[in-house]
Each structure stands twice: as C-alpha cells, then as structure tokens.
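Trainee: pasting a predicted model and its sequence here:
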Amino acid sequence: MSIFKAYIDYIKDNPKGYWFKAKLYGFGWVPARWQGWVVMLAFIAFLLWNGMTLGDTPTETELTSFFIKLGVAIFVILAICWRTGERPHWNWGLSRKDSETK
C-alpha cells in the first residue's frame, strides 16, 4: 500500500468526527474535516494579512503589534485544535496492529 493511500485512509478513519487528527508522522495535528480546513485557511490568511500590514521599515510599535497578534493567533489555533481534535501524541506511521487490520 502506498504511503499516500495509507495517509488518506488514516484521515478518513474518523468515527468521532474530529476536525483535526493527530499527525501520522511526528507530533501535532492535521485537518481531517472541512471545518478544520476552513480554520487552517483562515489562520494562514490572517498570518499573510498580518505580515502585509508591516511597512518597508517597521517601527518598534508596529513590530510589537505584529508579534502580539502573531502570538494570539498561534494561541487561538492551538486552542481550536485542542478542543476539536484528537489529543496529539507522537506517531511514526501506523502501528503494526493498525496496518494489519487495514
């Protein structure tokens, strides 16, 4: 089985309807439903907008504002992932037991 098929099967195996599932490799989350993708796209759009608000030579106030908004955005995305997703844990692919049943 290809790694892409295994990954797609892992994401689709979502009986609890999590917006974010634990990553198949590493630690963290990956969007698993359309709501998770909307949250991620909104987060990326906010990061791009926040970066574009800086001028060519940003002042100290602009930089402070930029980093405060960045910190709040990161906190919000982590809170949403924690609330609507699987509890993150270290994964390095499917366990043998899981791969034998698929």
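Mentor: That came through, no problem.

Trainee: break down the protein into its helices, ranges please.
Mentor: 3-12, 34-52, 60-84, 96-101 (DSSP state H).

Trainee: so for Leu24, which of those sits nearest?
Mentor: helix 3-12 (5.3 Å; CB to CB). Where C-beta positions appear, they are placed from N, C-alpha and C, glycine not excepted.

Trainee: now the closest one: buried residues?
Mentor: Using 16 or more other CB atoms under 10 Å as the test for burial, helix 3-12 gives Ala6, Tyr7, Tyr10, Ile11.

Trainee: okay, these in JSON lines with pLDDT and distance to Val76 next?
Mentor: Below are the buried residues of helix 3-12 laid out as JSON lines (pLDDT from 0 to 100; distance: CB to CB, whole Å):
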{"residue": "Ala6", "pLDDT": "77", "distance to Val76": "31"}
{"residue": "Tyr7", "pLDDT": "76", "distance to Val76": "27"}
{"residue": "Tyr10", "pLDDT": "81", "distance to Val76": "26"}
{"residue": "Ile11", "pLDDT": "83", "distance to Val76": "23"}
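
Trainee: what is the end-to-end distance of stretch 26-40?
Mentor: 19 Å (CA to CA, to the nearest Å).

Trainee: so which bits of that stretch are buried?
Mentor: Trp29, Val30, Pro31, Ala32, Arg33, Gly36, Val39, Met40.

Trainee: where's Phe43 relative to Trp90, distance?
Mentor: Counting by CB to CB, to the nearest Å, the separation of Phe43 from Trp90 is 23 Å.

Trainee: these two: who's more crowded?
Mentor: Phe43 (16 against 10; other CB atoms under 10 Å).

Trainee: residues in contact with the residue lying closest to that one once chain neighbours are set aside?
Mentor: The shortest distance from Phe43 to any non-neighbouring residue, by CB to CB, 6 or more residues apart in numbering, is to Ile77 (4.9 Å). Contact analysis of Ile77 by CB atoms under 8 Å, 6 or more residues apart in numbering lists Val39, Met40, Phe43.
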